[in-house]
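# Give me a 3D structure for the following:
(4 chains)
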2 protein chains.
Amino acid sequence: MSQEFGSIYELIRHYVEIDDVEWEYCKSMLSFKQFKKKEIILSKGEICSEIYFVVKGILRIYFVDQNGDEKTFHFSLENTFATDYQSFLKEIHTDFYIQALENTTVIIITNEMLNMLYANLKNGERLGRLIAEDYFFMMNEKIKGLYTQTPLQRYNSMNVAYPRILTRVPQHYIASYLNITPVHLSRLKRGIE
Amino acid sequence: MSQEFGSIYELIRHYVEIDDVEWEYCKSMLSFKQFKKKEIILSKGEICSEIYFVVKGILRIYFVDQNGDEKTFHFSLENTFATDYQSFLKEIHTDFYIQALENTTVIIITNEMLNMLYANLKNGERLGRLIAEDYFFMMNEKIKGLYTQTPLQRYNSMNVAYPRILTRVPQHYIASYLNITPVHLSRLKRGIE
DNA sequence: AAAGAACAATAACATTTGTTTACGTTTTCA
DNA sequence: TGAAAACGTAAACAAATGTTATTGTTCTTT
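Just a heads-up that it's a prediction; the model follows:
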């Protein structure tokens, strides 16, 4: 059954070398968890104590603004991480919610586990740095998009960052990701066809 | 004169332990550079080959959108870094410009130097990870602000992220950071007093 | 299968933000 | 020091986006 950790093994190997002994050590700490569609995994006020690596399904990370409106920060599709990294690392209360948009299978990474990896893997710290850097780059691109693209342009490029997302999730979540109202998104789409 | 590297020493010590031998090694690789007010340090299309640590002055990081409008991405005040980290690390062409808004003194960090630090400092990789994480958190907060705050709210909180910035730089740069027109910022401010 | 909830589209109207132009002040620099 | 450029404010109008209400469809759940 260790076969099923293949996706995260591939991801690690994308960043650093890891030998068989180290990988066995990693695997011994990993576990699966399943979430049902619409289930809320993390809520505001809690401390995010796990990183989720999505094997199958979709997680949505969002927060709620002063008016009570949900703002979708990120979608985590297959083979990407979902967490509030800040809450996770600093053990502070999170502002975010994480919700499964489909029945979803994840691999769980805990904080203790991560620190063991940093301490015991030859390239542990390096792996952490490279992943943090890549997520930093992703944020950078996201901000660039927010500054330079119209909502419609961002809508049209969503299929690049999130393959097939437009057919996988309800449209009002897309609107909340674009930071516009569902009504306005519907209106913008009308202009296209 | 090694005294003058004090600010970056403090910053490193904020993240990791570094012994005297290691610090001497670091210092031997660091150097100063001066930029004149309005000078452009990095331009689109170039490869960003240095990280700038601002000792005194202000650097502005911006890009230009399809319409030719400048969008200010970030201000680097004293004791913070300025670079296009993505261009720097991957040696790809940058989309950004970096400009000095005042006569500015920086400490220069090159890529070769950084890799030597990663390789030779006990906590080199860890330092890199922690700094990447902190900048990642900063991006996260920035995005949260873009989603949840009105331009006026963001204007009012700029003095927190960037102390005294509102009196240090021309207002149209502030507007471009807020992603609104200078005319509109002027109008919003009128509503306040 | 039926009932209710969730969802998407549409229209009418309100609010926010952008655009253009003008004017007066401050800053820069030759 | 004087001219030119840069800068901030203002007003009028245009475009983009939000709000509310309505309707019909699709999805959930019993």
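
# C-terminal to whichever strand or helix holds A:F88, what's the next element?
Using DSSP states H and E, A:F88 maps to helix A:85-90. As assigned by DSSP H and E, the chain's next helix or strand after helix A:85-90 is strand A:96-100.

# Next secondary structure after that following strand?
strand A:104-110.

# right, is that following strand up against chain B?
No - using C-beta under 8 Å from any C-beta of the partner chain, strand A:104-110 stays clear of chain B, coming no nearer than 15.4 Å. Where C-beta positions appear, they are placed from N, C-alpha and C, glycine not excepted.

# tell me which residues in that strand are buried?
A:104-107, A:109 (16 or more other C-beta atoms under 10 Å in any protein chain shown).

# got it, and stretch A:175-185?
Buried, per 16+ other C-beta under 10 Å, within stretch A:175-185: A:175-180, A:185.

# Next to DNA strand C, which bits of chain A? Give me the list.
For chain A, the contact set with DNA strand C under C-beta under 7 Å from any atom of the strand comprises A:170-172, A:182-183, A:185-187, A:189-190.

# how about the nearest residue to A:F75, chain neighbours excluded?
Sequence neighbours aside, A:Y162 is the residue nearest to A:F75 in space, at 5.3 Å (criterion: C-beta to C-beta, 6 or more residues apart in numbering or on different chains).

# Can you get me a residue count around that neighbour?
A:Y162: 19 surrounding residues under other C-beta atoms under 10 Å in any protein chain shown.

# Please apply the same query to A:K122.
Residues near A:K122, counting by other C-beta under 10 Å: 12.

# can you check A:I40 too?
Residues near A:I40, counting by other C-beta under 10 Å: 11.

# residue contacts, the closest residue to it other than its chain neighbours?
Using C-beta to C-beta, 6+ apart and skipping residues adjacent in sequence, the residue nearest A:I40 is A:Q99, 4.9 Å away. Residues near A:Q99 by C-beta atoms under 8 Å, 6 or more residues apart in numbering or on different chains: A:38-41, A:59-60, A:62.

# and with 7 Å instead?
A:38-41, A:59-60 (C-beta atoms under 7 Å, 6 or more residues apart in numbering or on different chains).

# and what of A:L185?
Taking C-beta under 7 Å, 6+ apart, we find A:L185 in contact with A:171, A:174-175, A:178.

# Keep only those of the residues you listed that are in strands.
Among the contacts of A:L185, DSSP state E puts none in strands.

# does DNA strand D sit close to the longest helix along chain A?
Identified as the longest helix of chain A according to DSSP state H is helix A:124-148. No - applying C-beta under 7 Å from any atom of the strand, one finds helix A:124-148 separated from DNA strand D by no less than 11.2 Å.

# ok, is that helix in contact with chain B or not?
Yes - counting by C-beta under 7 Å from any C-beta of the partner chain, chain B is contacted by helix A:124-148 at A:125-126, A:128-129, A:132-133, A:135-137, A:139-140, A:142-144, A:146-148.

# Please state the offset of that helix from the chain centre?
Taking C-alpha atoms, centre = their mean, to the nearest Å, one finds the center of helix A:124-148 at 12 Å from the center of the full chain.

# The helix or strand just after it packs against which elements?
Sequence-wise, the next helix or strand downstream of helix A:124-148 (DSSP H and E) is helix A:151-161. When contacts are defined as 3 or more C-beta pairs under 7 Å, 6 or more residues apart in numbering or on different chains; DSSP states H and E, helix A:151-161 packs onto helix A:165-168, helix A:171-178, helix A:182-192.

# Ignoring the adjacent residues along the chain, who's closest to A:N179?
Excluding the flanking residues, the one nearest A:N179 by C-beta to C-beta, 6+ apart is B:Y147, at 5.5 Å.

# ok, now A:T181?
A:A175 (6.2 Å).

# ok, now A:Y15?
A:L130 (4.5 Å).

# State the number of residues packed around A:N67.
Neighbours around A:N67, by other C-beta under 10 Å: 6.

# Give the helix, strand or coil label for it.
Of the three states, A:N67 takes coil under DSSP: H, G, I helix; E, B strand; the rest coil.

# one step back: could you tell me which residues within the longest helix of chain A count as buried?
Neighbour counts over helix A:124-148 (16+ other C-beta under 10 Å) mark A:124-137, A:139-140, A:142-144, A:146-148 as buried.

# Sweet, I'm off.
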